[in-house]
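J.: below is the structure, and that's it, no one-letter string:
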């Protein structure tokens, strides 16, 4: 399974600022290796974020998103909310990490 | 074939039909939009997203550097005063124009920031779908070192 994501969620004035740093090579499928063969595309394709079980964000990435994808968004929430971030990649790998809003 | 398998097949066929007809939007949000991400040019992607010819709007702001030193990591953000349900980042000169798209449920701000790869200096488009209408803004981002690994 992949390396853990870093999830930071801080509430201020009723809005929770969520910053996520995922660990993933995000191969665009454009690069060639030393032998000249194209390195196949391998990238996170969908991201789902739930707070207390409810969807607060859904994203879809293409291979043009940078390595170790960063995501920042904000939703109306409260301290103590349980955030769960799940990503799926184009090879069928997936990962979920959780955090609590501080 | 036994009755249970028959009904599972029947329901999944109906479900599939409904999803393709756009009746189930949560399924849409979760299913990676292959066609959109494989669209080559801007107009192609606009069409696939159902954006047609989006109107340029001052309500949409694209946060991106004027010059990106490293094309492999260009911070880009979209924010809008409109009630966005969907937002997308497109890079005109990338091999595939659509870099990322986001679905904003009620209660989430119309704001997102991420980092993308840009192959070369190009116009970057921030698209927003609000109230069923597509709006956009565009900014040229200069790239000194291309980000597709050439």
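T.: Cool, the structure landed. Keep in mind it's a predicted model, so treat the numbers as computed, not measured.
J.: okay, CA-based contacts and neighbour counts for the rest of this
T.: OK.
J.: now do the contacts for the closest residue to residue B:75 other than its chain neighbours.
T.: Closest residue in space to residue B:75, ignoring its immediate chain neighbours: residue B:115 at 4.2 Å, by Cα to Cα, 6 or more residues apart in numbering or on different chains. Taking Cα atoms under 8 Å, 6 or more residues apart in numbering or on different chains, we find residue B:115 in contact with A:65-66, A:69-71, B:73-76.
J.: residue B:115: which element?
T.: Residue B:115 is located in strand B:108-116, with elements delineated by DSSP states H and E.
J.: distance from the chain centre to that strand, please.
T.: Between the centre of strand B:108-116 and the centre of its chain there are 11 Å (Cα atoms, centre = their mean, to the nearest Å).
J.: among the contacts of residue B:115, which lie within strands?
T.: Counting by DSSP state E, the contacts of residue B:115 place A:70-71, B:74-76 in strands.
J.: reformat those residues as JSON lines; add pLDDT, neighbour count and distance to residue B:39.
T.: Compiled in JSON lines, these are given as follows (pLDDT from 0 to 100; neighbours: other Cα atoms under 10 Å in any protein chain shown; distance: Cα to Cα, whole Å):
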{"residue": "A:70", "pLDDT": "98", "neighbour count": "20", "distance to residue B:39": "24"}
{"residue": "A:71", "pLDDT": "98", "neighbour count": "19", "distance to residue B:39": "23"}
{"residue": "B:74", "pLDDT": "97", "neighbour count": "22", "distance to residue B:39": "21"}
{"residue": "B:75", "pLDDT": "98", "neighbour count": "19", "distance to residue B:39": "22"}
{"residue": "B:76", "pLDDT": "98", "neighbour count": "18", "distance to residue B:39": "20"}
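J.: nearest to residue B:44, of those?
T.: The shortest gap between residue B:44 and any of the ones in strands among the contacts of residue B:115 belongs to residue B:76, at 21.7 Å (Cα to Cα).
J.: and the closest one, what does it touch?
T.: So residue B:76 contacts B:62-65, B:113-116 (Cα under 8 Å, 6+ apart).
J.: by neighbour count, which of the residues you listed wins?
T.: Using other Cα atoms under 10 Å in any protein chain shown as the neighbour criterion, residue B:116 leads those with 27 neighbours.
J.: do you know how far the spatially closest residue to it that is not a sequence neighbour is from residue B:89?
T.: Residue nearest to residue B:116 in three dimensions, not counting chain neighbours: residue A:65, with 4.2 Å by Cα to Cα, 6+ apart. In this view, residue A:65 and residue B:89 are 10 Å apart by Cα to Cα, to the nearest Å.
J.: nice, that's everything, thank you.
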